[in-house]
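In: Please find the sequence and the predicted model below.
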Amino acid sequence: ERIWHRLEELCMIVEGGFGRIARTASTLADEALHRRSAELAQAHEAHGMQLEFLKQRLLELSLSVEHGFKGTSEVTITSSKMSQHFEELKASIDVGFSRIMETRGMLADEVQV
């Protein structure tokens, strides 16, 4: 009977050990889960900051492109005005040249007379 009693005590000790092992495993799993959650939260925050940086950069690029289009439009308008002025200057030169030719003709007629 003493042996039987001793076996019961040993079984209780073993059961207690298994209980401690189970609690330790549960605690370790909880700590690992908490650590992983913290890591994921940090990674999420870092990605959020990167996303904000990228949004800001995209906005800057968009404004730069818009400014570029505005500049292109201004250049086109200026080019168009220069072309118009060139045509006006060409017409004035043509008129001036015609007057020179008329004057030359009139001078030639007077010289012959």
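Out: Ah, there it is.
In: And the most centrally placed residue in the chain, how far from residue 51?
Out: Among the residues of the chain, the one closest to the centroid is residue 58, at 2.8 Å (Cα atoms, centre = their mean). To residue 51, residue 58 is 10 Å away according to Cβ to Cβ, to the nearest Å. In this view, the C-beta of every residue, glycine as well, is placed from N, C-alpha and C.
In: One more: residue 1?
Out: Counting by Cβ to Cβ - residue 1 and residue 51 are separated by 74 Å.
In: between the two, which one's more packed in?
Out: Remark: of residue 1 and residue 51, residue 51 carries more neighbours, 10 against 5, as counted by other Cβ atoms under 10 Å.
In: Can you tell me the element the more buried one falls in?
Out: For residue 51, the element it lies in under DSSP states H and E is helix 2-112.
In: pLDDT below threshold where in this protein?
Out: 113 (pLDDT under 70).
In: give the contact list for residue 109.
Out: Residue 109 makes no contacts at all, as judged by Cβ atoms under 8 Å, 6 or more residues apart in numbering.
In: Tell me how far it lies from residue 1.
Out: For residue 109 relative to residue 1 (Cβ to Cβ), the value is 159 Å.
In: again, but for residue 103
Out: Counting by Cβ to Cβ, the gap from residue 103 to residue 1 is 150 Å.
In: Likewise for residue 47?
Out: For residue 47, the distance to residue 1 equals 68 Å [Cβ to Cβ].
In: Residue 9 now?
Out: 13 Å.
In: One more: residue 16?
Out: When residue 16 is compared with residue 1 (using Cβ to Cβ), they lie 23 Å apart.
In: swap in residue 111?
Out: Distance from residue 111 to residue 1, by Cβ to Cβ: 161 Å.
In: Then residue 89?
Out: 129 Å.
In: now swap in residue 13 and tell me
Out: Residue 13 is 19 Å from residue 1, by Cβ to Cβ.
In: cool, and residue 98?
Out: 143 Å.
In: what do you get for residue 81?
Out: 119 Å.
In: Then residue 26?
Out: 37 Å.
In: do the same with residue 63
Out: Distance from residue 63 to residue 1, by Cβ to Cβ: 92 Å.
In: If you count neighbours, what's buried in stretch 46-59?
Out: By neighbour count on 16 or more other Cβ atoms under 10 Å, the buried set for stretch 46-59 is empty.
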